[in-house]
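In: Sequence unavailable; structure follows:
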Ligand SMILES: CSCCC(=O)C(=O)COP(=O)(O)O
Ligand SMILES: [Zn+2]
């Protein structure tokens, strides 16, 4: 295994350990990837426990979502990763998680967008410099047909160049960054903001 692949594989393994420990990737859910080259990504094998990943649980895919390694089945949601690498050349890592808060909030919010405003933590997102901005997180209907879901996502991305993440209703979160550390920071910030939103909504309901 070359040095670059080894390094990026370690990043995926460590991300899985962290995200599982946080409770954001339970029960074999979630998938993670890093850009390997201009035309390929390293991605988690489908169905693996994300807190116990080894180097064998990662494979190379092309932008069509095809496995380039015999005997390894890529994540069921591969196209949701590869479309992001094609959308923006600066994206170096994509993370998809299944936290309880992301699921509950996406089910509670009845519109097709979650609007985050007034939080200092919005500045944790690349490109956001003030709490006075509004961070719009689209919520797509869950769909077992991933190419169809990817088409919905693509329509949003094409018209929202500043998008930093999205929710799939009752399913989970996708976010990304220039490097794995950026994508992890985005996950942490989203999770903190989701927790705040849930608390606010609960308090307002009484
Ligand atoms: C057990 S969760 C259902 C599948 C899913 O949503 C997920 O994130 C994991 O799928 P993968 O094929 O990447 O393991
Ligand atoms: Zn999922």
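Out: Yes, it's here. Bear in mind that the values here come from a model prediction, so they are computed numbers and not experimental data. Ligands and ions are numbered 1, 2, ... in the order given.
In: Quick check: residues of this protein near ligand 1?
Out: By C-beta under 6 Å from any ligand atom, the residues of the chain that approach ligand 1 are 27-31, 44, 46-47, 75-77, 96. C-beta coordinates here come from the backbone N, C-alpha and C atoms, glycine included.
In: Out of those residues, which sit inside helices?
Out: Judged by DSSP state H, the residues of the chain next to ligand 1 include no members of helices.
In: Nearest the geometric middle of this protein, what residue?
Out: Geometric centre of the chain, nearest residue: residue 174, 2.5 Å, by C-alpha atoms, centre = their mean.
In: so where's the longest helix in the chain?
Out: Per DSSP H, the chain has its longest helix at helix 180-205.
In: For that one, buried residues please.
Out: 180, 182-191, 193-194, 197 (16 or more other C-beta atoms under 10 Å).
In: for stretch 165-184, same thing?
Out: 165-169, 171-177, 180, 182-184.
In: In those residues, find the pair that's most separated.
Out: 169 and 180 (26.5 Å; C-beta to C-beta).
In: residues in contact with the residue lying closest to residue 95 once chain neighbours are set aside?
Out: Spatial nearest neighbour of residue 95, excluding adjacent residues (C-beta to C-beta, 6 or more residues apart in numbering): residue 183 at 4.7 Å. Residue 183 sits next to 15, 93-95, 175-177 when contact means C-beta atoms under 8 Å, 6 or more residues apart in numbering.
In: Now flag whichever of those is closest to residue 51.
Out: residue 15 (10.5 Å).
In: Helices of the chain, residue ranges please.
Out: Under DSSP H, the chain gives helices at 3-21, 78-87, 100-108, 146-159, 180-205.
In: what bits of the chain have low per-residue confidence?
Out: The chain contains residues with pLDDT under 70 at 1.
In: excluding its backbone neighbours, what's nearest residue 192?
Out: residue 121 (5.7 Å).
In: The one you found against residue 189, yeah?
Out: Yes. Using C-beta atoms under 8 Å, residue 121 is in contact with residue 189, at 5.4 Å.
In: tally of neighbours for residue 54?
Out: 10 (other C-beta atoms under 10 Å).
In: Kindly report the same for residue 155.
Out: Residue 155: 12 neighbours (other C-beta under 10 Å).
In: any idea how far it is from ligand 1?
Out: When C-beta to the nearest ligand atom, to the nearest Å is the yardstick, residue 155 and ligand 1 sit 21 Å from each other.
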